[in-house]
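> Quick one, fold the following:
(one chain, ligands or ions: 1)
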Amino acid sequence: MHNIETFELIKWVNDHFPNTLYSFFGSAPVALTLESLVSLSTDPETTTRNLESLNSLSLELPTSFIIRKSIATAIFSDTDGVTTEHVLTTAGSTGGNAVVMQSLLQPGDHVIVQYPTFGQLLAIPKALPGVNVSLWKMDPTKGWDADINELEALVQKGKTKLLVLNNPHNPTGSSLTGKRRRQIVDIAKKYNIWLHVDEIFRPLFYDSEVDSSSFLEFSDEYPQIVVTGSLSKAWALAGLRVGWVVTKERRALRAFHNMAKYLSGECGALDEAIAVEALSSRCRGNILQRQLHQAQTNISILEKFVQRNVPKVAWTKPTSGATAFVQFRKDVDRPVDDIDFCEKLKAVKGVLLVPGSLCFGDGSKETGGQAGQDIKGFVRWHLTGSTEVMEKGITEIEAFLNDGFDRVKAAPQLPHVSRL
Ligand SMILES: Cc1ncc(COP(=O)(O)O)c(C=O)c1O
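The predicted structure follows:
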């Protein structure tokens, strides 16, 4: 890879975190401790015993067999048919995504990336020599749905190698419907395109209507599907760095194993042992409930905030994931400049949000992007953080909307800025 662009999300947080009072910048919940793992367990004695046994664990390179079995059982349903042999462990989803893209893509390949997007999923294919990238744009005026005909129109016959999806989606908190999933798989089959689905936010779903299955449910009919994930979001264990790559396509899996040896190596022995306990039937139900409950409470607080502040604020209520994508506007047709908004809000009130156009857009003009112009005004808002922070942060933001918002710049007037 050469000339990879700046990871704007990470840079934004590093530059703006000092002096933050209320932080909404992340997408991972307040992390668990070993003590909280015990208190969430339905069998605290067994969990305590298993964690104490870490004292005598030999810290050699792990075989990964047990954690791969835990991932196959705990993350996927019986109908997905995932077994230990389909799973490769990596250092977080970050490691998994890098391994998949760098294994599959060659010079001359074309990649389609769902957009807006978590930076890594676009920046890596853009930086791979000779790889061309197109964006499949989700429409904020249609609840972040994307047009299936537009996807087919983007396909370059014989050249499009990979479609990159993130489902549930960061930053919008939306999920693809069952109908869209089916249509996407049909297009992939028709043109022989690999599907890489970053499923790190499964199974954070807040609406019973949403299709919560993994894309691997299709992999018996179409094996060229690979999903990535980790314990960072739904499982509140971002510091363990346990992630995975799962596919039933054997040749590609061998290539992923090989690439992982060069890029990310195995997870650590301690990380794996703790992960196995967290994913046990004793612990996993309550861990997940903790995040689901937290997010649902925060979504209803945020929903009331949005309703109180129409037309300055608009959104599509998230149905999944750990973030909402909220638009701030001067008036219904005029979004704010989200970077200026986030900067002024942080400086005046100590509230840290993430500007959508900068951190989930298509990159700067120098790297062939439009600086996220079509998602101007949107900010990403974390949903699985503490309720107290949500309430206090909203109080500060409302005070800013009444005093300070006038000084925030409007986004440049563009014909294609979306109206919610
Ligand atoms: C869509 C997506 N993929 C991957 C990652 C990386 O997560 P990790 O490396 O902690 O598993 C993130 C983190 O925010 C993310 O949002």
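
> residue with max distance from the center of this structure?
Ser56 (35.6 Å; CA atoms, centre = their mean).

> Look at it and report its pLDDT.
According to the prediction, Ser56 has pLDDT 94.

> again, but for Met138
96.

> and what of Val417?
Val417 is given a pLDDT of 49.

> which bits of the chain sit near the ligand?
27, 92-94, 118, 166, 170, 198, 200, 230, 232, 238, 243 (CB under 6 Å from any ligand atom). No exception for glycine: its C-beta is placed from N, CA and C like everyone else's.

> Inside strands: which ones of these?
166, 198, 230, 243 (DSSP state E).

> returning to what we had before: what's the separation between the residue farthest from the centre of the chain and Ile66?
Relative to Ile66, Ser56 is positioned 16 Å away (criterion: CB to CB, to the nearest Å).

> dump the residue contacts of the spatially most central residue of the chain.
Centroid-nearest residue in the chain: Asn170, 4.1 Å away (criterion: CA atoms, centre = their mean). The contact partners of Asn170, by CB atoms under 8 Å, 6 or more residues apart in numbering, come to 27, 118, 200-201, 321-323, 360, 380.

> Which stretches in this structure count as helices?
8-16, 34-40, 44-52, 65-75, 92-104, 119-127, 148-154, 178-191, 250-263, 269-278, 284-308, 338-349, 356-359, 387-402 (DSSP state H).

> who wins for proximity to Ile375 among those helices?
helix 356-359 (5.0 Å; CB to CB).

> So what touches that closest one?
Contacts of helix 356-359 (CB under 8 Å, 6+ apart): 8-9, 12, 116, 119, 171, 325, 338-339, 371-373, 375-380.

> And stretch 97-105, by the same measure?
1, 88, 90, 111, 120-121, 124-125, 128, 131, 161-162, 164, 194, 196, 198, 226, 228, 245, 252, 255-256, 258-260, 263-264.

> Show the buried residues in those residues.
Taking 16 or more other CB atoms under 10 Å as the criterion, what is buried in the contacts of stretch 97-105 is 88, 90, 111, 120-121, 124-125, 128, 131, 161-162, 164, 194, 196, 198, 226, 228, 245, 252, 255-256, 259-260, 264.

> give me the number of residues near the residue in the stretch 51-200 of the chain that the ligand sits nearest to?
Residue of the stretch 51-200 of the chain nearest the ligand, by CB to the nearest ligand atom: Gly92 (2.6 Å). Residues lying near Gly92 (other CB atoms under 10 Å) number 23.

> tell me the contacts of it?
230, 232, 238, 241-243.

> Any of those buried? List them.
230, 232, 238, 241-243.

> export those to TSV and tack on pLDDT?
Listed next are the buried ones among the contacts of Gly92 as TSV, based on pLDDT from 0 to 100:
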residue	pLDDT
Ser230	98
Ser232	98
Ala238	97
Arg241	95
Val242	96
Gly243	97
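
> Closest one of these to Ser77?
Ser230 (18.4 Å).

> Run through the residues that contact the nearest residue to the closest one once chain neighbours are set aside.
In this structure, Ser230 finds its nearest non-sequential neighbour in Gly243, 3.5 Å apart by CB to CB, 6 or more residues apart in numbering. Shown in contact with Gly243 (CB under 8 Å, 6+ apart): 89-96, 200, 228-232, 267.

> at 6 Å instead, please
90, 92-93, 95-96, 230 (CB atoms under 6 Å, 6 or more residues apart in numbering).

> for Leu162, same thing?
Applying CB under 6 Å, 6+ apart, the residues contacting Leu162 are 104, 111, 194, 196.

> Mind putting these into CSV with pLDDT?
Shown next, in CSV, are those (pLDDT from 0 to 100):
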residue, pLDDT
Leu104, 98
Val111, 98
Trp194, 98
His196, 98
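
> among the residues you listed, which are in strands?
111, 194, 196.

> and Leu151, how far is that from Leu176?
Counting by CB to CB - Leu151 and Leu176 are separated by 11 Å.

> out of these two, which sits in the more crowded spot?
Neighbours per residue, other CB under 10 Å: of Leu151 and Leu176, the larger number sits with Leu176, 25 against 20.

> give me every residue that touches the more buried one.
Asn167.

> how close does Pro260 get to Ser56?
Residue 260: Ala, not Pro. Distance of Ala260 to Ser56, computed by CB to CB: 28 Å.

> Apologies, that question was intended for Ala252.
38 Å.

> what do you get for Gln370?
Look at Gln370 and Ser56: by CB to CB, they are 56 Å apart.

> hang on, Gln294 packs against Gly385?
No: here Gln294 lies out of contact with Gly385, judged by CB atoms under 6 Å, at a distance of 7.5 Å.

> Tell me which of the two has more neighbours.
Gly385 (23 against 20).

> Need phi/psi at the more buried one.
phi -90, psi -170 (degrees, to the nearest 10).

> which residues touch it?
By CB under 6 Å, 6+ apart, the contact list for Gly385 is empty.

> From what I see, Thr247 and Arg254 are in contact.
No: if you go by CB under 6 Å, Thr247 and Arg254 don't touch, sitting 10.4 Å apart.

> Which one of these two is surrounded by more residues?
Neighbour totals were compared for Thr247 and Arg254, and Thr247 leads with 25 against 12 (other CB under 10 Å).

> on that earlier part again, for the ones in strands among the contacts of Leu162, which one is nearest Asp43?
His196 (37.2 Å).

> can I assume the closest one is in contact with Val226?
Yes: His196 lies in contact with Val226 (CB under 6 Å); the separation is 5.4 Å.
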